[in-house]
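Q: this is a predicted model, with the sequence first.
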Amino acid sequence: MSEVYKDRLWTKDFINTSIVNFALMMSQYLLLVTMAMYAAGEYNASVGMAGLVSSAFIIGSLIGRLFGGKHITAMGGKKMLMIGSVLIVILTASYLIPMGIYPLIVLRILHGAAMGYAMTATGTIIAQIIPPSRNGEGIGYFSMSVVLATAVGPLIGVSLIAAYGFTSIFLFSFAMAIISLVIGLTVKAPPGQPSKSTDSGKFKIMDFFEKRAMPISAVMFVMAFAYSGILSYVTAYAESISLIQAGSLYFTVYGITVLLSRPITGPLLDRKGANIVMYPAIIMFAIGLAVISQASLTMAFLIAAALIGFGYGNIQSVTQALAIKVTPPERLGLANTTYFIALDLGLGFGPFLLGYIVPSLGYRGMYMTLAFVVLAGIIVYYFLHGRRDKEITENSGV
């Protein structure tokens, strides 16, 4: 009986931490897709300045993750989560205060830093409380909070603006911050440990990263770069080919596919290793991008959404689980930081670089190009992890 309890996944702390993560991420994605519109509408910002208002959040998030990963071992996940949550409550309330475009950019950076801090805490707490025997399954279910947030957040944001105006999205984000803080207070996390490393006072880049998690994080960077073309341009692409309804349904189909596949792929990862999930997922992702690049009917567009959901949606959870598997417990915070910085860089810089491809190749050409990028990712995965998956899994003791 004690063994069964030991391997329980759906504990109160697991559920509450996942809810906190979902509420915060939903608010994040809601604001990411609406802040450019807000800056242009309220402050007459240029396209470039409006884009900066939106992406400034990513800059702050990277800063928050860097310092969060470095300090979480000594501070402890619960304390860091509380600090981040309190700051997020204050900063989301600040959006309701009239300000100029430059103070808004500063606010976005600060909000991103607080969010990065809190997300480092939730990721580390989850990694600590999941039973090792159910690591892949647990990370798979936890990362669904991010997947659902990417689908629900933008939908709520656009709906609120259409019905009630921009103030409503700030009130909603503030409410999510309050809910996260209250639920976060109930989470029990392992206490912080004194740092074993001796701080010489010198700057060391590896004080901010976990080298064992770097290979699989590099794979995630490639995949996130490819997916940024979907996240940033799929709605505009759907409109350009007169499939507006398909564009609005894309993230719904994507989210449902991920929800249906996780109960299968998570346990499969734990029992058989990563390769049995990763190789099919990468191929599905590439096929999905190829299909969407040629779509002219709603059905084809939504089939592509399902393929990408199975592909990218599972790649994201498997790579996060692997980053944690290969890392000692005392460096889980740094592993999460390393992984999510790679993810954020791919999602953040992808749209900027792809913006130069669209004028010359068009949306169809961009998605077909990204399909080949994902296929090349098979080679990247094989050399950085796949060929040693069995050995790495055995050495991790999982």
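A: Nice, thanks for sending it over.

Q: so where's the stretch 251-398 of the chain uncertain?
A: Scanning the stretch 251-398 of the chain for pLDDT under 70 picks out the ranges 393-398.

Q: please name the nearest non-neighbouring residue to L107.
A: Closest residue to L107 apart from its sequence neighbours, by C-beta to C-beta, 6 or more residues apart in numbering: S94 at 5.7 Å. The C-beta positions use only the backbone N, C-alpha and C, and glycine is treated the same way.

Q: host element of Q245?
A: Here Q245 sits within helix 244-272, counting by DSSP states H and E.

Q: gap between that helix and the chain center?
A: Distance of helix 244-272 from the chain centroid (C-alpha atoms, centre = their mean, to the nearest Å) equals 15 Å.

Q: that helix packs against which elements?
A: Where contact means 3 or more C-beta pairs under 8 Å, 6 or more residues apart in numbering; DSSP states H and E, helix 244-272 is packed against helix 135-164, helix 214-240, helix 275-294, helix 298-325.

Q: mean neighbour count, these: which tops it?
A: helix 298-325 (a mean of 25; mean count of other C-beta atoms under 10 Å).

Q: who are the packing partners of the very next helix or strand once past it?
A: Tracing the chain C-terminally past helix 298-325 and defining elements by DSSP H and E, one meets helix 332-354 next. When contacts are defined as 3+ C-beta pairs under 8 Å, 6+ apart, helix 332-354 packs onto helix 47-75, helix 101-129, helix 214-240, helix 298-325.

Q: quick one, the helix holding Q245 and helix 275-294 angle?
A: Inter-element angle recorded for helix 244-272 and helix 275-294: 170 degrees (by axes from the mean of the first three to the mean of the last three C-alpha atoms, to 10 degrees).

Q: angle of helix 244-272 against helix 135-164?
A: Counting by the same axes, to 10 degrees, helix 244-272 lies at 160 degrees to helix 135-164.

Q: if we can go back for a sec, would CSV of the helices and strands packed on helix 244-272 with distance to L24 be doable?
A: Formatted as CSV, those follow (distance: least, C-beta to C-beta, whole Å):
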stretch, distance to L24
helix 135-164, 8
helix 214-240, 18
helix 275-294, 26
helix 298-325, 17
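
Q: S55: which of those helices is closest?
A: Nearest to S55 among the helices and strands packed on helix 244-272 is helix 214-240; the distance by C-beta to C-beta comes to 10.3 Å.

Q: just how off-centre is the closest one within its chain?
A: The answer for helix 214-240 is 11 Å, by C-alpha atoms, centre = their mean.

Q: now it against helix 332-354, angle please.
A: Calculated by the same axes, to 10 degrees, helix 214-240 forms an angle of 40 degrees with helix 332-354.

Q: show me what helix 214-240 is packed up against.
A: Checked by 3+ C-beta pairs under 8 Å, 6+ apart, helix 214-240 has helix 244-272, helix 275-294, helix 298-325, helix 332-354, helix 358-384 packed alongside it.

Q: make a markdown table from these and add distance to I63 to it.
A: Converted to a markdown table, those look like this (distance: least, C-beta to C-beta, whole Å):
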| stretch | distance to I63 |
| --- | --- |
| helix 244-272 | 28 |
| helix 275-294 | 30 |
| helix 298-325 | 20 |
| helix 332-354 | 10 |
| helix 358-384 | 26 |
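
Q: wait, which of the ones you listed is closest to S143?
A: With respect to S143, and counting by C-beta to C-beta, the nearest of the helices and strands packed on helix 214-240 is helix 298-325 at 4.2 Å.

Q: tell me the angle the closest one makes with helix 358-384.
A: 40 degrees.

Q: hmm, I129 is touching T17, no?
A: Yes: here I129 lies in contact with T17, judged by C-beta atoms under 8 Å, at a distance of 7.5 Å.

Q: higher neighbour count, the two?
A: Using other C-beta atoms under 10 Å, the more surrounded residue of I129 and T17 is T17, with 29 against 19.

Q: could you pull up the mean pLDDT of the helix or strand that one falls within?
A: Assigning secondary structure by DSSP H and E places T17 in helix 12-43. Mean pLDDT, computed over helix 12-43, is 87.

Q: likewise for stretch 208-218?
A: The pLDDT scores in stretch 208-218 average 90.

Q: residues in contact with it?
A: Applying C-beta atoms under 8 Å, 6 or more residues apart in numbering, the external contacts of stretch 208-218 come out as 66-67, 69-70, 319, 322-324, 326-327, 331, 334-335, 337-339, 341-343, 380, 384-385.

Q: okay, F352 and L62: tell me how far apart.
A: F352 sits 14 Å away from L62 when distances are taken as C-beta to C-beta, to the nearest Å.

Q: just V374 next, same as before
A: Separation of V374 from L62 (C-beta to C-beta): 24 Å.

Q: which of these two has more residues huddled nearby?
A: More neighbours surround V374 than the other of V374 and L62, with 28 against 18 (other C-beta under 10 Å).

Q: so A127 touches L334, yeah?
A: No: at 11.3 Å, A127 does not count as touching L334 under the criterion of C-beta under 8 Å.

Q: quick one: which of those two has more around it?
A: Neighbours of A127 and L334, each counted by other C-beta under 10 Å, are more numerous for L334; the result is 28 against 24.

Q: which non-adjacent residue is nearest that one?
A: E210 (3.9 Å).
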